[in-house]
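>>> With the input below, show me the fold.
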Amino acid sequence: MTSPVHTAALIAVMAIGSMLLRFLPFLVFRKKTPPFIAYLGKVLPSAIIGMLIVYCLRETNVTAMPFGLPELIATGIVVLLQIWKRKTILSIIAGTAAYMLLLQVVF
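Take a look at the predicted model:
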């Protein structure tokens, strides 16, 4: 079993490492952001969302009951809520709740 001091030291090192990685671009590019970095800032969020969608839906079985319907319905709810309200946390919570409800109650 680890001691409280060891646990606190691990948490501190992880927090410092995480903060350094987040602050490093601001320290390196103080004066002007290079065009390539600005481009990555524009395209990476969409690419990451696309990768997350593929990752989440990769094991959906569309050849057996329920034929991927819970995933399709929950994804539709997320997309519609995001277009309508533009509140990411609301979309995520509603989609997750709908998916779990569909799995537990409907299918």
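
>>> Mind listing residues that contact the longest helix seen in the chain?
Criterion DSSP state H: the longest helix present in the chain is helix 4-28. Residues from elsewhere that reach helix 4-28 (C-beta atoms under 8 Å, 6 or more residues apart in numbering): 2, 37. C-beta: built from backbone N, CA, C; applies to glycine.

>>> Lowest-scoring secondary structure element of the chain by mean pLDDT?
Lowest by mean pLDDT, DSSP states H and E among the helices and strands of the chain is helix 35-57, with a mean of 89.

>>> just the angle between that helix and helix 4-28, please?
For helix 35-57 against helix 4-28, the angle by axes from the mean of the first three to the mean of the last three C-alpha atoms, to 10 degrees is 130 degrees.

>>> what sits up against the helix or strand following helix 35-57?
Downstream of helix 35-57, the next assigned helix or strand under DSSP states H and E is helix 69-85. Applying C-beta under 8 Å, 6+ apart, the external contacts of helix 69-85 come out as 53, 56-57, 60, 87-88, 90-92, 94-96, 98-99, 102-103, 106-107.

>>> Narrow those residues to those in helices?
Those of the contacts of helix 69-85 lying in helices (DSSP H): 53, 56, 57, 88, 90, 91, 92, 94, 95, 96, 98, 99.
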